[in-house]
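>>> Return a 3D structure for these sequence lines:
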Amino acid sequence: MTSTARHVSLALVLVLSSCPLPITVRCSTDGDCEGGERCRSGACAPLGAGGGGGSEDAGPSCAYDWQCPRAQNCDAGRCAPGPKIGDGCSWSLDCGAAYCSTSLNVCAHDCIDDGDCFAGYVCAPHDTSCVPRCEGRAASRLGATCVESVECGCGFCLPADGGGTRCHQPCERDEDCDAGLDGCRRVASSPKKVCPLP
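Numbering: from 1, shown residues only. Here you go, the predicted model:
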């Protein structure tokens, strides 16, 4: 390589190294991030941009993601900007510590059991995706046809009587199901239970 070519290559490296690249740093705690950043939904975010740097960042109090508006999640007891499971996405960087389901274009998180899911989520039987705990709420698409449980809000996508798969309401005891239904039933090959569909 000639001296001129080396100088051009060196100059190109110096110029390119000063160009900022959009890099997302994955994290599990604030300690994984640089100074001036906080761990938000599995990715480092600057303080003051929903990063918990002051009162301007403090959203409503929460215990679970479902208590926060769309495109916000519950972080350290406050709603903050960031994705939650079921939010729309184009690619996995839109989803923090989750991934973008290419079949549904929503943020998703796979699991084998409840311990694999974020706080406030449970592992759905059959399709093994994390879904929000219902906590006294009805599945948002109860009875609707589905492919994956993440489509059901806090419900489970399971085979329905008569064929196909539909969103079912999770339950723990018969009283959790609407009157007139045949009570809380165990899902095949799972300890989870659901109410029968009307």
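>>> switch to C-alpha atoms for all contacts and neighbour counts from now on
Will do.
>>> Quick check: the gap between the closest residue to residue 98 other than its chain neighbours and residue 141.
In this structure, residue 98 finds its nearest non-sequential neighbour in residue 109, 5.1 Å apart by CA to CA, 6 or more residues apart in numbering. Going from residue 109 to residue 141 by CA to CA, to the nearest Å gives 19 Å.
>>> go on, residue 111?
Distance from residue 111 to residue 141, by CA to CA: 22 Å.
>>> Repeat that for residue 33.
38 Å.
>>> likewise residue 152?
Taking CA to CA, one finds residue 152 at 5 Å from residue 141.
>>> same deal with residue 190?
For residue 190 relative to residue 141 (CA to CA), the value is 22 Å.
>>> Compare those two (neighbour count), which wins?
A count of neighbours by other CA atoms under 10 Å puts residue 141 above the other of residue 190 and residue 141, at 19 against 10.
>>> Go ahead and confirm that one touches residue 169.
No - assessed by CA atoms under 8 Å, residue 141 is found out of contact with residue 169, at 9.3 Å.
>>> Distance-wise, check the residue lying closest to residue 127 once chain neighbours are set aside relative to residue 158.
Nearest residue to residue 127, sequence neighbours excluded (CA to CA, 6+ apart): residue 148, at 6.3 Å. Going from residue 148 to residue 158 by CA to CA gives 9 Å.
>>> Also residue 78?
Distance from residue 78 to residue 158, by CA to CA: 33 Å.
>>> ditto for residue 67
Distance from residue 67 to residue 158, by CA to CA: 25 Å.
>>> Equivalent analysis for residue 32, please.
For residue 32, the distance to residue 158 - CA to CA - is 39 Å.
>>> Those two - which one has more neighbours?
residue 158 (23 against 15).
>>> any idea how far the more buried one is from residue 124?
9 Å.
>>> Check residue 82 too.
Taken as CA to CA, the span from residue 82 to residue 124 is 23 Å.
>>> repeat for residue 161
19 Å.
>>> who's more crowded, those two?
Higher neighbour count among residue 161 and residue 124: residue 124, with 28 against 10, using other CA under 10 Å.
>>> Tell me who's in contact with the residue most central in space within the chain.
Note on the chain: the residue nearest the mean C-alpha position is residue 85, at 2.4 Å, using CA atoms, centre = their mean. For residue 85, the contact set (CA atoms under 8 Å, 6 or more residues apart in numbering) comprises 95, 98, 106, 107, 108, 109, 130, 131, 132, 150.
>>> Around the last one, how many other residues sit close by?
It refers to residue 150. Neighbour tally, residue 150, other CA under 10 Å: 28.
>>> ditto for the first one
If you count neighbours by other CA under 10 Å, residue 95 ends up with 27.
>>> Need the phi and psi values for it.
With angles defined as degrees, to the nearest 10, residue 95 sits at phi -110, psi 10.
>>> Does it touch residue 84 like I think?
Yes - between residue 95 and residue 84 there is a contact under CA under 8 Å: 7.1 Å.
>>> starting at the chain centroid, how far to stretch 87-98?
For stretch 87-98, the gap between its own C-alpha mean and the chain's C-alpha mean amounts to 8 Å (CA atoms, centre = their mean, to the nearest Å).
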